[in-house]
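Trainee: could you look at this predicted model? Sequence included:
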Amino acid sequence: MAKRENRLKPIEHERRQIENLKTLEPIATPPELRPLSDGLIDLVLAALDGVSVLESGHRITKADLQQLVSLLEDLQKLAQD
């Protein structure tokens, strides 16, 4: 298989696919766990944003990483409830 020279298009494709997940009704996720499920999707989207920044040749900032930490902290709070 040929190696891709640019990962930005596949990253953006995956990002759109994951964004679509939030518009779909879950089949088996209990309603009380929907915020946790949506939070995990948000975390994945933020991580893909970070990968996209790096792939674009830019540096990820401490603020970007702090956003990931904040999302994780929010997930921990949701999981403890």
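Mentor: Arrived safely, thanks for sending.
Trainee: mind checking pLDDT for residue 51?
Mentor: Residue 51 carries a pLDDT value of 95.
Trainee: surely it is in contact with residue 10?
Mentor: No - using CB atoms under 8 Å, residue 51 is not in contact with residue 10; the gap is 10.4 Å. Backbone N, C-alpha and C define where each C-beta goes, glycine included.
Trainee: go through the protein and flag its longest helix.
Mentor: Longest helix in the chain, counting residues (DSSP state H): helix 34-55.
Trainee: mind saving the C-alpha coords of that helix as CSV?
Mentor: Output of helix 34-55 as CSV, limited to C-alpha atoms (Å, rounded to 0.1, in the frame of the first residue of the first chain):
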residue,chain,number,x,y,z
ARG,A,34,-25.3,9.9,27.2
PRO,A,35,-23.3,12.9,28.6
LEU,A,36,-20.4,10.6,29.3
SER,A,37,-20.6,9.2,25.7
ASP,A,38,-20.8,12.6,24.2
GLY,A,39,-17.9,13.7,26.4
LEU,A,40,-15.8,10.9,25.0
ILE,A,41,-16.6,11.9,21.5
ASP,A,42,-15.6,15.5,22.3
LEU,A,43,-12.3,14.3,23.7
VAL,A,44,-11.6,12.3,20.5
LEU,A,45,-12.4,15.4,18.4
ALA,A,46,-10.1,17.6,20.5
ALA,A,47,-7.3,15.0,20.1
LEU,A,48,-7.8,14.9,16.3
ASP,A,49,-7.6,18.7,16.3
GLY,A,50,-4.3,18.4,18.0
VAL,A,51,-3.0,15.9,15.5
SER,A,52,-4.2,18.1,12.7
VAL,A,53,-2.3,21.1,14.2
LEU,A,54,0.9,19.0,14.4
GLU,A,55,0.4,17.6,10.9
